[in-house]
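> Structure, please.
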Amino acid sequence: MLIDDVVHFCDEMFVSYNGKCGCEIGHCNHPSGLCSGSCYNCLYHIHYPDRAPENSKKEYDCVKMLYHYVCQYSYLYTTELLCAFEFEWDFIKDFLQYHILSLGCGGCADLMAFENLLQIKGRLNPISYIGIDINPLWTPIHSRIQTYCDAENIGYKTYYSDVFDFFKQHSVPDTNIVVISYLISYLYNTKQIGAINTLAELLAKQVVMHKGMPLLLIINDVNSYKRGRNYFYLFEQAIQRSGLSINKSLYKYFDTGSLYDGQKLGTPYDIVSVPFSIPREIQLRYHANKSINSTVQFLVEVS
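Model prediction:
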């Protein structure tokens with residue numbers, strides 16, 4: 001499976017640094033001027049900037065850190081998106097082909113999830129995948145994914161571009177699944193929250209209006225109004241303004257048992273841990289937790 005292949009590759013690459021900084025040799029780009037020695041801590045500071053000390057990491061600007069990211073988060077993020085795909089199976093099961101567009105694709109957990117879904121359902125439908133990410137440091141990981149996809153007859157292509165610039169120049173016809181996973185919170189963390197309405201309008205204009213078939217939109221992100229959750233509805237409004245019909249839109253969330261009432265949007269998934277067997281060394285080396293996270297999803301079916 002793709003998830004096993006990519007995590008194994010990233011683990012080997014991470015270990016090959018032998019504890020050394022993953023930035024360009026002799027030019028550590030940590031804001032403090034000195035590598036923290038912990039990719040786990042750097043990732044935590046990026047994801048929770050309000051909890052981070054001064055001079056901490058703010059960007060995914062170290063390839064070693066991305067190897068750590070894949071090993072730490074792939075099982076969790078794949079689980080979240082697998083739940084969404086399974087929940088929406090009745091809507092997408094009759095698609096003859098699956099054309100997936102991933103915005104801020106990163107380690108491609110959505111493709112990992114979809115491959116698992118088709119295996120569970122015993123389907124062999126053709127898959128094509130387009131991932132857009134602003135960060136070219138993902139290149140070695142995407143190259144590994146490309147090799148896997150070529151062997152498995154999965155159409156795979158990535159573009160290293162700002163999503164706003166990409167959609168100002170390109171439309172993506174025949175897409176029937178769009179995934180936006182943890183991009184909204186990234187925009188919030190990087191003070192680009194005001195651009196979300198623009199992204200919604202561009203997506204409606206350049207993708208949804210060119211779909212030619214039913215389309216499923218999945219927004220998967222942090223369950224907090226402080227991290228952009230309250231902007232999800234803008235995508236539904238943009239689609240409606242384009243003149244297309246929305247079959248259904250709803251929220252789903254993962255119940256960790258410690259949520260506030262305001263985080264209980266829609267209905268919860270009945271799951272408490274990831275369904276994958278995470279290798280013990282991956283759990284220990286990268287803190288790859290088997291427990292679910294307090295994530296929320298907005299699912300939109302466009303007919």
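> so how many other residues sit close to residue 162?
11 (other C-beta atoms under 10 Å). C-beta coordinates here come from the backbone N, C-alpha and C atoms, glycine included.
> Tell me the confidence at it?
Among the per-residue scores, residue 162 holds a pLDDT of 95.
> Find the residue closest to it in space, skipping its chain neighbours.
Spatial nearest neighbour of residue 162, excluding adjacent residues (C-beta to C-beta, 6 or more residues apart in numbering): residue 134 at 5.1 Å.
> so the one you found makes contact with residue 159?
No - in this structure, residue 134 is not within contact of residue 159 by C-beta atoms under 8 Å, at 9.6 Å.
> These two: which is more packed in?
residue 134 (18 against 14).
> give the contact list for the more buried one.
Residues near residue 134 by C-beta atoms under 8 Å, 6 or more residues apart in numbering: 104, 160, 161, 162, 163.
> measure the first one to residue 28 for me?
Taking C-beta to C-beta, to the nearest Å as the measure, residue 104 falls 26 Å from residue 28.
> distance between the ends of stretch 290-301?
End-to-end span of stretch 290-301 (C-alpha to C-alpha, to the nearest Å): 30 Å.
> scratch that, stretch 153-164 is what I was asking about
Stretch 153-164: ends 30 Å apart by C-alpha to C-alpha.
> And that stretch, what's buried?
By 16 or more other C-beta atoms under 10 Å, the buried positions in stretch 153-164 come out as 154, 156, 158, 163.
> can you check stretch 236-243 too?
236, 238, 239.
> just the residues you listed now: which is nearest residue 212?
Distance to residue 212, by C-beta to C-beta, is smallest for residue 239 among those, at 15.0 Å.
> secondary structure element for the nearest residue to the closest one once chain neighbours are set aside?
Among residues not flanking residue 239 along the chain, residue 204 sits closest, at 5.0 Å (C-beta to C-beta, 6+ apart). Element membership for residue 204 (DSSP states H and E) is helix 196-206.
> Please name every helix or strand in contact with that helix.
Applying 3 or more C-beta pairs under 8 Å, 6 or more residues apart in numbering; DSSP states H and E, one finds that helix 196-206 contacts helix 163-169, helix 183-189, helix 233-241.
> tell me the mean pLDDT for the helix or strand where residue 100 lies?
For residue 100, the host element (DSSP H and E) is strand 98-103. Mean per-residue pLDDT for strand 98-103: 98.
> circling back to that earlier point, any idea how far residue 38 is from the residue nearest to residue 162?
From residue 134 to residue 38 the distance is 25 Å (C-beta to C-beta).
> Can I get the helices and strands packed on helix 196-206 in a markdown table including distance to residue 275?
Output for the helices and strands packed on helix 196-206, formatted as a markdown table (distance: least, C-beta to C-beta, whole Å):
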| stretch | distance to residue 275 |
| --- | --- |
| helix 163-169 | 30 |
| helix 183-189 | 24 |
| helix 233-241 | 28 |
